[in-house]
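Trainee: quick check, what structure comes out for this input:
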Amino acid sequence: MPKMKTKSAAKKRFRVTGTGLVKRKHAYKSHILTKKSVKRKRNLRHATIVEPANMKAVKEMLLM
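Mentor: Residues are numbered from 1 along each chain as shown. This next block holds a predicted model:
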């Protein structure tokens, strides 16, 4: 049986931390930035951890 392939979209969007959590970027930071406040854009810069409700699905896409 061949090896399972990682979902290409998932490997571009997520990174796994050393403790096994999954990091992701925030949405809404790619275009139409002129109407968004500086504070809102600043808070979207930093990566965050995937929510526990979605963690299982993301890890399956990454074949963890």
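Trainee: quick one: contacts of the helix or strand hosting residue 53?
Mentor: Using DSSP states H and E, the element containing residue 53 is helix 52-61. For helix 52-61, contacts defined as C-beta atoms under 8 Å, 6 or more residues apart in numbering pick out 6, 7, 9, 10, 14, 21, 22, 50. Where you see a C-beta, it was placed from the backbone N, CA and C, and this is true even at glycine.
Trainee: for the first one, give its distance to residue 38.
Mentor: Spelled out, it's residue 6. Taking C-beta to C-beta, to the nearest Å as the measure, residue 6 falls 37 Å from residue 38.
Trainee: looking at those two, which has the bigger crowd around it?
Mentor: residue 6 (12 against 8; other C-beta atoms under 10 Å).
Trainee: make sure that one is actually in contact with residue 14.
Mentor: No: assessed by C-beta atoms under 8 Å, residue 6 is found out of contact with residue 14, at 10.2 Å.
Trainee: what touches both of these two?
Mentor: Common contacts of residue 6 and residue 14 (C-beta under 8 Å, 6+ apart): 61, 62.
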